[in-house]
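Trainee: Sequence first, then the predicted structure:
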Amino acid sequence: MVNFVALRASLIPANNRNVDPGSQTVLNFILQNSGTASDNFVVSQSNNSAPTDYWVTSYPSSNPITVAAGDTEAIQVNVDVPGDAANGDSVLVTVSVQSQVAGYVLDATTMVMAGGSYSSEIFQNHSHQDGENFANLTPGTDRTLEYTLKNTGTVPAQYQIDVGATEAVPFWNIHSPVTITDVLLPGETRAIPVTISTPSLEMPLDPSWKVSSIEQVNLIVQAIPMEGGS
């Protein structure tokens, strides 16, 4: 009887990221052995940082790593962004692994860029029985919904707030008194109230008014940083 062994693996790159100058980050590359037998892998790391201004040291271990069938192994690479790096400076970090049994080579590359990242999240909870993303409206009666904006970036940011609907609702008025926020530090939050005004019920019912009990309208609340993109 002959037993066949499948030797295969995959290498998942770490997420690209922005890092403040003078800070450090750890890149986690994930090596997954999807074969049917254990395998040993030789790991190497390369990057394109300038010879006189290294951002990345070499992979710390020269010993092969053993990954059992079906298991994963994290390959960590430390990146130190120089304190004098300009916003937009970047480095590409490539991790290569070679199977000692089968000989194949896998490569994965991640980019690290100097400079703060601009990002945000908007949360809502309207205490509706169908879930936090639902709210009831009474035709002809204004309803104010509360949203929470959080600065999830790494730098202070000011946001432009846009509100509306994802479809045409010509007889609705969707408004927020907050059109531009003050400056939010990383991790800070601000309340964003949104008031929806709808027309009153009249008979015969005009379907374009979108006020019948079976109608659902999706609202959109968008926060765009005043710097750094959207």
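Mentor: Happy to help now that I have it.

Trainee: Who are the contact partners of the residue nearest the centre of the chain?
Mentor: Taking Cα atoms, centre = their mean, the centroid of the chain lies closest to residue 119, which sits 8.4 Å from it. The contact partners of residue 119, by Cβ atoms under 8 Å, 6 or more residues apart in numbering, come to 151-153, 225. Heads up, the C-betas are built off the backbone N, CA and C, glycines and all.

Trainee: Point out the other helices and strands that the lowest-mean-pLDDT helix or strand in the chain packs with.
Mentor: Within the chain, no helix or strand scores below strand 17-19, which has a mean of 85 by mean pLDDT, DSSP states H and E. Strand 17-19 is packed against strand 105-114, with contacts defined by 3 or more Cβ pairs under 8 Å, 6 or more residues apart in numbering; DSSP states H and E.

Trainee: Make sure residue 126 is actually in contact with residue 147.
Mentor: No. If you go by Cβ atoms under 8 Å, residue 126 and residue 147 don't touch, sitting 9.5 Å apart.

Trainee: The chain: helices as residue ranges?
Mentor: For the chain, no helices are identified by DSSP state H.

Trainee: how is the chain carved up into domains?
Mentor: 9-114, 120-225 (automatic domain parsing).

Trainee: Let me have those domains in a markdown table, adding mean neighbour count as columns.
Mentor: Output for these, formatted as a markdown table (neighbours: other Cβ atoms under 10 Å):
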| stretch | mean neighbour count |
| --- | --- |
| domain 9-114 | 16 |
| domain 120-225 | 14 |
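
Trainee: Pick out the shakiest of the ones you listed, pLDDT-wise.
Mentor: Mean pLDDT is lowest for domain 120-225 among these, at a mean of 85.

Trainee: measure that one end to end?
Mentor: 8 Å (Cα to Cα, to the nearest Å).

Trainee: That domain: how far from the chain's middle?
Mentor: Offset of domain 120-225 from its chain centre (Cα atoms, centre = their mean, to the nearest Å): 22 Å.

Trainee: Equivalent analysis for stretch 106-114, please.
Mentor: 17 Å.

Trainee: Distance-wise, check the closest residue to residue 116 other than its chain neighbours relative to residue 225.
Mentor: Leaving aside its chain neighbours, residue 116 sits nearest to residue 155 (3.0 Å; criterion: Cβ to Cβ, 6 or more residues apart in numbering). Distance check for residue 155 against residue 225: by Cβ to Cβ, to the nearest Å, it reads 9 Å.

Trainee: repeat for residue 190
Mentor: In this view, residue 190 and residue 225 are 13 Å apart by Cβ to Cβ.

Trainee: Next, show the common contact partners of these two.
Mentor: Common neighbours of residue 190 and residue 225, using Cβ under 8 Å, 6+ apart, do not exist here.

Trainee: hmm, back to that, max pairwise distance over the contacts of residue 119: which two?
Mentor: 152 and 225 (10.9 Å; Cβ to Cβ).

Trainee: list the residues that contact both of the two?
Mentor: 119-120.

Trainee: follow-up on the earlier one: mutual contacts of residue 155 and residue 225, please.
Mentor: Joint contacts of residue 155 and residue 225 (Cβ under 8 Å, 6+ apart) are residue 118.

Trainee: which one of the contacts of residue 119 is nearest residue 72?
Mentor: Residue 72 has its nearest neighbour among the contacts of residue 119 in residue 152, at 27.3 Å by Cβ to Cβ.
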